[in-house]
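K.L.:
below: sequence and its predicted model.
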Amino acid sequence: MMRNIAILASGTGTNAENIIRYFSNDNRAKVNLVLSNRSQAMVLERAAALGVDAFFFDRSQFYDTGEVLMMLQRRESDLIVLAGFLWLVPAAVIEAFRGRIINIHPALLPRFGGKGMYGDRVHRAVLDAGCSESGITIHYVNEQYDSGDIIFQARCPVLPDDDVQSLAARVHELEYRHYPEVISRMMDQIGSRH
Ligand code: GAR
C-alpha cells in the first residue's frame, strides 16, 4: 500500500524538494501534500512545479478551525514531515498524528534549539559559541519546540574560517543526504493508516 507523506514548510523548501524527488520513484511512499504558513514561500512553487498539491494556510486554519488537521486526514497522511517550518504544531495535530510527525533541526540538539532558533540564527549561535562541530538532528515533534525524542543525528566540523553561509551549506548537505533516508526507514516502521 502506498504511504502518503505531507510536508509542512515555511520558506525556501530545498529540503522539501529533495524529499519530493527522492520519493518520486518509490513505490512505497510519496509526497502527496505540501502546506505552508507563508503565501509567498518558495516551497509552494517548488512543490507545484513537481506536480505536488501545495497550499497556503493561515494562523486560524492551523490553530482555531482545525482545517489543516482535516486536510491532513482527508489526504490520508501517514507521516508529517516538517522541513523548515516555523510555527508550533497545535496539540490536536500532535495527538492525531502521535509518533508520525518529525522535524529536522540544523544543529545538534539539545543545544541551539527552542523558539526563534531557525535557519541562519542557529548557525550564528553555533559560531558565536565557538563550537568545533555542528550537524543535524531529526526528532519527533511534541508540544514544545525542538524537544521531542531524537531519531537521528549526524555531525560535521565547524572550520576556523566558517561564516554562517559556509556552515549552513555544510549542514544542508547533511540534511539532503540523511532526511529522505530517515523518512524512508520510518515508512517501513509505521503502519499505513488507510
Ligand atoms: C533547514 O536547514 C532546516 O533544518 C531549518 O530550516 C532550513 C530550511 O531550509 N529548520 C529549522 O531551523 C527549524 N528550527 P529549506 O527551506 O531550504 O529546506
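P.N.:
Looks like it arrived, so ask away.
K.L.:
and what about the residue of the chain found nearest the ligand, helix, strand or coil?
P.N.:
Nearest residue of the chain to the ligand (Cβ to the nearest ligand atom) works out as Gly84 at 2.7 Å. Every C-beta, even on glycine, is put in place using the N, C-alpha and C of the backbone. Per DSSP: H, G, I helix; E, B strand; the rest coil, the secondary structure class of Gly84 is coil.
K.L.:
give the other helices and strands that the longest helix seen in the chain contacts.
P.N.:
Scanning the chain for the helix with the most residues, using DSSP state H, yields helix 164-189. Judged by 3 or more Cβ pairs under 8 Å, 6 or more residues apart in numbering; DSSP states H and E, the packing partners of helix 164-189 are strand 3-8, helix 14-23, strand 29-36, strand 79-82, strand 101-105, helix 120-128, strand 133-140, strand 150-157.
K.L.:
which parts of that helix are buried?
P.N.:
Within helix 164-189, the residues scored as buried using 16 or more other Cβ atoms under 10 Å are 164, 167-168, 170-171, 174-176, 178-180, 182-184, 186-187.
K.L.:
work out the gap between it and the centre of the chain.
P.N.:
10 Å (Cα atoms, centre = their mean, to the nearest Å).
K.L.:
tell me which residues are up against stretch 158-170.
P.N.:
Residues outside stretch 158-170 that contact it (Cβ atoms under 8 Å, 6 or more residues apart in numbering) are 106, 119-120, 123-124, 126-127, 131-134, 156-157.
K.L.:
those residues: which ones sit near the ligand?
P.N.:
Pro106, Gly119 (Cβ under 6 Å from any ligand atom).
K.L.:
between which two of the contacts of stretch 158-170 is the distance greatest?
P.N.:
Gly119 and Ser132 (21.4 Å; Cβ to Cβ).
K.L.:
more crowded one of the two?
P.N.:
A direct count of neighbours by other Cβ atoms under 10 Å for Gly119 and Ser132 places Gly119 higher, at 15 against 9.
K.L.:
distance of that one relative to Leu44?
P.N.:
The gap separating Gly119 from Leu44 is 18 Å, by Cβ to Cβ, to the nearest Å.
K.L.:
what does Tyr63 give?
P.N.:
According to Cβ to Cβ, Tyr63 and Leu44 sit 20 Å apart.
K.L.:
all set, thanks.
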